[in-house]
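Asker: Kindly return the folded structure for what I paste below:
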Amino acid sequence: MNASLKSVGAITLFVEDLQRAKLFYQDVFGPPVVYEDQSSAVFKFENTLINLLEIPAARELIEPGAVASREAGSRFQLTVWVDDADAVCAELDTRGVVLLNGPMNRDWGMRTASFTDPDGHIWEIAQELPQAEGS
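Answerer: Numbering: from 1, shown residues only. This next block holds a predicted model:
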């Protein structure tokens, strides 16, 4: 196979209420909207596009696959690298974001905290911890 499958260019998140989701992403993350129509809004996060797509359009996009409800539970999380997890958590608090957990140091050398967007997608912020001497 000659095709390279090494770079994720876009992630599409299925949302119940496009305007509510769009306002959340603008307020919490602040990336530019690079495309928008009646059923979607696409944000540019450095090297990845995040596409918010309303459920009816999502059903059409993935049929015959099924779109799960928010209540079905999470099957993935998206992680954003940060320099200071505690400072980012404090900023998220000022924006009304309630953390699911953290910030906490993890055994794998990261300090993390997680929160959900209005449609139940889990986002994690992660800060690399300094390596201990002799590690």
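Asker: Could you confirm Gly65 falls within a strand?
Answerer: No - read with DSSP: H, G, I helix; E, B strand; the rest coil, Gly65 is coil and lies in no strand.
Asker: neighbouring contacts of stretch 35-51?
Answerer: Stretch 35-51 is contacted from outside by 7-13, 18, 21-22, 25, 29, 31-34, 52-54, 56-57, 80, using C-beta atoms under 8 Å, 6 or more residues apart in numbering. In short, each C-beta sits where N, CA and C put it, glycine included.
Asker: Narrow those residues to just the buried residues.
Answerer: Among the contacts of stretch 35-51, those scoring as buried are Thr12, Leu13, Leu18, Ala21, Lys22, Tyr25, Pro31, Leu52, Leu53, Glu54, Ala57 (criterion: 16 or more other C-beta atoms under 10 Å).
Asker: hmm, back to that, I'd like the list of the contacts of stretch 35-51 that fall within strands, please.
Answerer: In strands, defined here by DSSP state E, the members of those are Ala10, Ile11, Thr12, Leu13, Val33, Val34, Leu52, Leu53, Glu54, Val80.
Asker: Could I get the full set of helices for the chain?
Answerer: With helices called from DSSP state H, the chain shows them at 18-28, 55-62, 85-94.
Asker: With respect to Thr112, which of those helices lies nearest?
Answerer: Proximity to Thr112 (C-beta to C-beta) singles out helix 85-94 among the helices of the chain, at 6.7 Å.
Asker: give me the low-pLDDT residue ranges for this structure?
Answerer: Applying pLDDT under 70 to the chain flags residues 1-5, 132-135.
Asker: try 80
Answerer: Applying pLDDT under 80 to the chain flags residues 1-7, 75, 132-135.
Asker: circling back to that earlier point, out of the ones in strands among the contacts of stretch 35-51, who's nearest Trp123?
Answerer: Within these, the smallest distance to Trp123 is 6.7 Å, found for Val80 (C-beta to C-beta).
Asker: Please tell me I have it right and that closest one contacts Ala126.
Answerer: Yes - when contacts are counted by C-beta atoms under 8 Å, Val80 is listed as touching Ala126 (7.2 Å).
Asker: re the thing from before, mind putting the helices of the chain into TSV with distance to Met110?
Answerer: Shown next, in TSV, are the helices of the chain (distance: least, C-beta to C-beta, whole Å):
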stretch	distance to Met110
helix 18-28	20
helix 55-62	31
helix 85-94	8
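Asker: Alright, I will stop here.
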